[in-house]
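Undergrad: Provided below are the primary sequence and the corresponding predicted coordinates.
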Amino acid sequence: MAAGALSREPRFLELLFARRSVAVALGVFVVVLVACVLADVVAPADPARMSVRARLTPPGDAYWLGADAFGRDVLSRLLHAGRVSLTIGLGVALISSAIGIVIGLLAGFYRRLDGALSRLIDAMMAFPDILLAIALVSILGGSIVNVVAALSIVYAPRIARIVRASTLVVRELPYVEAARALGSSTRTIMTTHVLRNIVSPIVVQSTFIFAYAMLAEAGLSFLGVGVDPATPTWGTMIAEGRQYIDQASFLILFPGIAISVSVLSLQIIGDGLRDAMDPRLAKDL
Amino acid sequence: MSATAASEPVLEIEGLRVAFRARRSAVTALRDVGVALGAGRTLALVGESGSGKSVTSLSVMGLLPRNGAVEAGRILYRRRDGTRVDLARLDETRFRAIRGREIAMIFQEPMSSLNPLFTVGDQIGEMLLLHTDLDARARRRRVIEMLELVEIPAAASRMNAYPHELSGGMRQRVMIALALVCEPALLIADEPTTALDVTIQAQILDLMRRLQRELRMAILFITHDMGVVAEMADDVAVMYAGAVVEAAPVATLFARPSHPYTRGLLATIPRPGRPRGERLVPIPGSVPALSAMPPGCAFAPRCPIAVEACREPVALAPLEGDHRVACHLAHAHETVAAHG
């Protein structure tokens, strides 16, 4: 075992799939993603076509997941809505992480910037998320891009704070001093030695942000400041379905499941990524 | 290597004073430290915790914590091309070209001085990427060569190992390979064997001596272990409370220790062959706080032979030949017999 462990080349994908739950989660997520991307092809019906006679039809042969209050096919809407929701979730998770990492590293590394940046982070986190997002979207105007931008700004401080705290710990470790003693520049130390070592909390936090962003988007749409109301999203589907919860609970059930499944699978993938990137944990897989 | 420069020291520290700013006050960690280190030689800095050994080495590396600063003195380093630079006044960009390439450092903690996320091969390779223009294949060859040089078995496969897969001794070998991969002219070793057990310690010291001969580098060896000093050093500088109190070639220091502190240090070492039941002699008291330094000789409050004159400041002065000592009494009657 020891000899094998020493001679192996680090095989990232192999490590990633070594845990079955990660492989399953990745499979589920890819299926959801592909189905949503190909919504135009795979959706059984036009998501906007209404039918008075089919109002609130429960799931069955004609409408696999039922029909909503306007007689629109829930499955088709779910697939089309997924495009928007997943775009917003992934977009916000990636952009807010990128902003947060830059701010956090700068604050953690340069003591002179730390005061100003930390106060900025505190100030932004003092606002309730949704309030800040409403303010930003109403300034920017409602569109998918603007919602992603606004939510990225709202969630970036969470990443920044975690990155700063982790940076403060890691940069005092002996191997960072050793790297400096052996001639590494500050930028090399920041990116290779520090950033690589604080990836796990960032991955974990950004999977949370993915989920928050999708829910926040639903909130924004519900309040009428989100994306164009004609565009279905998982959030708006739940918001609309709420009115019929006693007659047709499936209207909120399916988009709810869609959100839960994508968040859950992404979170498991995030855990797997974290473990596969850390050779110390990879050993135990 | 030019022959003319051989006699000139690689590193010469003159009157170095380093102070740390605290919240309201400042403490002086080094007071007038002066040592010299010739090419291919080993200078041991000896002293207990807080004596200023590590601050001296960090000053040479230009890695003092940000609240510390060189207040006076020079750290003259003779570069490969023969020019001399004052490391105490070198800007960061030019310093970076020296660090790792000409002056390298190995640390006390082999357990945490390697980045846990990269294979040891990658970490040694990074040094080459940083300081040379070798291509990937040549770097790989050189990494294997270095691992073999530090006597790591199965080097070609060990280079893919992560630090946690190696033992402490192996990691210290990797640290040495990392420090020596660019063949530095000066190696600073800050207690490199303190965290290792005794047999591994002996192997690492052997390895360092062999590499020193092969690469003709100077070593600034920092330790509190007199046994290691006897084994490794050509010259010794004993530090106490931020100053050098005695400096001499190693044989002279062990044969005729002239500062009461040096004698005290030597008396605290257990040695085989001493009569059974003989007790080790501790040095009473502890190092004075840097903020409350006595006005005269810093060792006077703990010194068994202190007299009135010891309240006066004392400086390092030659006793005979290369033997320098900072003690009024040693100079007063040159043979204070080594009862130690």
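TA: Here it is on my side, so go on.
Undergrad: How about the closest residue to chain A within the stretch 201-340 of chain B: what's its closest non-neighbour residue?
TA: Among residues of the stretch 201-340 of chain B, the one nearest chain A by CB to the nearest CB turns out to be B:L220. It sits 12.7 Å away. Glycine gets a C-beta too; all of them are placed from N, C-alpha and C. Excluding its sequence neighbours, the residue lying closest to B:L220 (CB to CB, 6 or more residues apart in numbering or on different chains) is B:I188, at 4.7 Å.
Undergrad: what's the answer for A:L90, then?
TA: Using CB to CB, 6+ apart, the closest residue to A:L90 is A:F210 (6.6 Å).
Undergrad: B:L43 now?
TA: Once its chain neighbours are removed from consideration, B:L43 has its nearest residue in B:L37; the separation is 4.4 Å (CB to CB, 6+ apart).
Undergrad: So the one you found belongs to a strand, correct?
TA: Yes - counting by DSSP: H, G, I helix; E, B strand; the rest coil, one finds B:L37 located in a strand.
Undergrad: Which helix or which strand is home to B:V245?
TA: Element membership for B:V245, per DSSP states H and E: strand B:243-249.
Undergrad: Relative to that strand, what are the paired strands and their orientations?
TA: Sheet pairing here is set by DSSP bridges, and for strand B:243-249 it gives strand B:235-240 (antiparallel), strand B:323-325 (antiparallel).
Undergrad: Let me know the average pLDDT across that strand.
TA: Across strand B:243-249, pLDDT averages out at 93.
Undergrad: now the strands paired with strand B:243-249 in CSV, with mean neighbour count?
TA: Output for the strands paired with strand B:243-249, formatted as CSV (neighbours: other CB atoms under 10 Å in any protein chain shown):
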stretch, mean neighbour count
strand B:235-240, 26
strand B:323-325, 22
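Undergrad: now the ones you listed in JSON lines, with distance to A:L79 and mean pLDDT?
TA: Conversion of the strands paired with strand B:243-249 to JSON lines gives the following (distance: least, CB to CB, whole Å; pLDDT from 0 to 100):
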{"stretch": "strand B:235-240", "distance to A:L79": "74", "mean pLDDT": "94"}
{"stretch": "strand B:323-325", "distance to A:L79": "85", "mean pLDDT": "91"}
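Undergrad: Indicate which one of these is closest to B:A26.
TA: Across the strands paired with strand B:243-249, B:A26 has its closest neighbour in strand B:235-240 (20.0 Å, CB to CB).
Undergrad: which outside residues touch the closest one?
TA: B:33, B:35, B:37, B:41-48, B:51-53, B:56, B:229, B:244-250, B:253, B:259, B:261-262, B:265, B:287, B:298-299, B:322 (CB atoms under 8 Å, 6 or more residues apart in numbering or on different chains).
Undergrad: Which of those residues are buried? Put it as a PyMOL command.
TA: Burial among the contacts of strand B:235-240 is assessed by 16 or more other CB atoms under 10 Å in any protein chain shown; the matching PyMOL selection reads:
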select buried, chain B and resi 33+35+37+41+42+43+44+45+46+47+48+51+52+53+56+229+244+245+246+247+248+249+250+253+259+261+262+265+287+298+299
